[in-house]
Every structure is written in structure tokens, then in C-alpha cells.
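> The amino acid sequence is not available; the structure is as follows:
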């Protein structure tokens, strides 16, 4: 026993001789639950609530009687995941859980609030008391499994669930990232400290759906357009300045890039010996009386004004 022990074992993690053996809250006489499974995660946003709903839906589909206790008081999402928006009722003695179309019983703080978007600004002891009430004051009836969707982390709520509810085991949900590994170890070590078995680890991955044919066509068009844009431009062999395919001179260093056909004035590659446009040999003089076509973009030279 520690020298600073105040004999209040609730919330204490020390293992001493004066520690009380059991803090479990008794269920009411209308609730007969065979197994309680907690679903935990070290960090938020890893798909914990989704895994809880999938586990519950899978067990219900197998013919088992299932309930879900939403212990994430400040961030409840289980009712909306099942499409339940009605408020919970009471019979004067107990709270009555909402029931989904698949027969799954739900209890969440969102079923008791005036508005689903209303914030829950409560301190830890109040939240712990609500979770205990969800266990002892709700008419769960006959259940094979009660899944407890816990908030992320190892705080007051996790301690309340581990100490106050007869948890038979937990499922840890995480994502396959190195950054989350340390947080998962914290949740695992807490379960080990509280002597709660870890039933399994779910590594939740987001898989991209297969591309539709329309998406593939759009990607191919974008790739073809980019290839055409890249083929339109080259670079000067002398200075590396970007030049277009029909440039005759480099606009930067004035290096000759192409030859001009003396007959049709098309730009020709230096290695060509004949113009493919008019079949004139490269270097041959233009036929007499043939007016040489001005290359596109070349400005017309103004004739000097006559004097006098």
C-alpha cells in the first residue's frame, strides 16, 4: 500500500493489498447478457465505431441477439451508423433501448438529447456515471453479445468500462501506420493491467474502389493531351532553350535549327535531302517565277519610301 493511499480504489492503477477485488456494477433484473465485448482504439478516426457496427451486424445476421452500448459520450456515432434517429423511451422503471431494422438494440447519449448536434460538455465523473447507467438502468433483455463502443484513448471512460462492466474481452482497432503503433501498445498494456483479454486486433485499411470505364477514358485522354503538349516543344541543342517543332532559328542564341525549302518555305529537318511537301531537293534554287512562301509568324518587311 502506498504512503499516499486514500483508500479510494476507483481510478487507482496501483496493485496493492488493500485494493478492492471487484467494482463491477450489477445489471438490472431485466437484463441477461452472456458476453460483453469492448471495442477500443488508441487514436480517433481509425474506424472503431464502424468495426463495432459491423461486428454487431454480423452477429445479428448469424441469428444471435446483439446490443450496442455507445460509450463514446462526447462523440456518439452508433445510432446514425444504423440509421436510427428516434429518441429512447422509458417504462417508468428502466430506459428502453432503440432497436434497428436488423433487431440490434442500441443505447447512446444521442438517443437522449433534444438534438443530435447538441454538444455534450461534461466532466469525467459525470460521463462515467452515464456509462454506468447505460449498463444498470437500461432494459437490455436477453442478449448473446453486448458490444461497447468506447472512445479513443486510455482515459476515464476506458477505466470505468473495465472496472464497472463485466468485460469478457476487447477488440483493438487500428490502422497500419508506424505512428499508431505506440498508441496501440498503450491500449494493449492497459488491457493487460486491468486483466482484460485482448480478443483480436483489427487493422482497418481504406481500399480505393475499382475505376469505372469512364474514369479510365478520362485518364487516357489526359495522358494523351500531356504527351501532345510535350511533343510540341523541344530544346535548342546549343543553349537548351525551349523551342517549338517548326522553329527555324533558336530565339535565344539564333542557332539554325531547321532548313527552309526554297520552293514552299516549309521547315525541314537538317538531315532531310528532299522536301516532303513539294518534292524539291534541299538546296535547289527556287524555280523562276515562283514566289517563295513567307514562313508563318514572319513579319512583312516594309519597303523604304522613295526619296525625292
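Here it is on my side, so go on. Small disclaimer: the values here were computed from a predicted structure and weren't measured.
> Do a quick rundown of the helices in the stretch 1-150 of the chain.
Remark: helices assigned in the stretch 1-150 of the chain by DSSP state H, counting those that start in this stretch are 48-61, 78-81, 124-136.
> Tell me which of the ones you listed sits nearest to residue 273.
helix 48-61 (70.7 Å; C-beta to C-beta). Heads up, the C-betas are built off the backbone N, CA and C, glycines and all.
> Any buried residues in the closest one, and which?
48, 49, 50, 51, 52, 53, 55, 56, 57, 59, 60 (16 or more other C-beta atoms under 10 Å).
> one step back: got the helices of the stretch 1-150 of the chain as CSV, with mean pLDDT columns?
Below are the helices of the stretch 1-150 of the chain laid out as CSV (pLDDT from 0 to 100):
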stretch, mean pLDDT
helix 48-61, 93
helix 78-81, 91
helix 124-136, 90
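> Tell me which of the ones you listed lies nearest to residue 247.
Among the helices of the stretch 1-150 of the chain, helix 48-61 comes nearest to residue 247, with 58.8 Å by C-beta to C-beta.
> list the helices and strands the closest one packs on?
Under the contact definition 3 or more C-beta pairs under 8 Å, 6 or more residues apart in numbering; DSSP states H and E, helix 48-61 sits against strand 31-40, strand 66-70, helix 78-81, strand 141-149, strand 169-174.
> Would you state the strands of this protein in chain order?
Ranges of strands within the chain are 31-40, 66-70, 89-90, 95-96, 98-99, 105-107, 141-149, 169-174, 198-203, 233-235, 242-244, 259-260, 267-268, based on DSSP state E.
> Quick one: low-confidence residue ranges for the stretch 151-300 of the chain.
Where the stretch 151-300 of the chain drops to pLDDT under 70, the residues are 206-209, 211, 229-233, 286-300.
> do that again at 90, thanks
Applying pLDDT under 90 to the stretch 151-300 of the chain flags the ranges 151-160, 163-164, 173-194, 201-251, 255-273, 277-300.
> Run a quick neighbour tally on the closest residue to residue 204 other than its chain neighbours.
Leaving aside its sequence neighbours, residue 204 sits nearest to residue 47 (C-beta to C-beta, 6 or more residues apart in numbering; 3.8 Å). Here the count is done by other C-beta atoms under 10 Å, and residue 47 has 17 residues near it.
> can you pull the contacts of residue 47?
173, 175, 202, 204 (C-beta atoms under 8 Å, 6 or more residues apart in numbering).
> just to revisit the earlier point, I'd like the strands of the chain written out as JSON lines, with mean neighbour count and distance to residue 79 added.
Below are the strands of the chain laid out as JSON lines (neighbours: other C-beta atoms under 10 Å; distance: least, C-beta to C-beta, whole Å):
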{"stretch": "strand 31-40", "mean neighbour count": "20", "distance to residue 79": "16"}
{"stretch": "strand 66-70", "mean neighbour count": "26", "distance to residue 79": "7"}
{"stretch": "strand 89-90", "mean neighbour count": "11", "distance to residue 79": "14"}
{"stretch": "strand 95-96", "mean neighbour count": "18", "distance to residue 79": "14"}
{"stretch": "strand 98-99", "mean neighbour count": "18", "distance to residue 79": "7"}
{"stretch": "strand 105-107", "mean neighbour count": "25", "distance to residue 79": "6"}
{"stretch": "strand 141-149", "mean neighbour count": "21", "distance to residue 79": "11"}
{"stretch": "strand 169-174", "mean neighbour count": "22", "distance to residue 79": "19"}
{"stretch": "strand 198-203", "mean neighbour count": "14", "distance to residue 79": "22"}
{"stretch": "strand 233-235", "mean neighbour count": "12", "distance to residue 79": "58"}
{"stretch": "strand 242-244", "mean neighbour count": "15", "distance to residue 79": "60"}
{"stretch": "strand 259-260", "mean neighbour count": "17", "distance to residue 79": "78"}
{"stretch": "strand 267-268", "mean neighbour count": "19", "distance to residue 79": "72"}
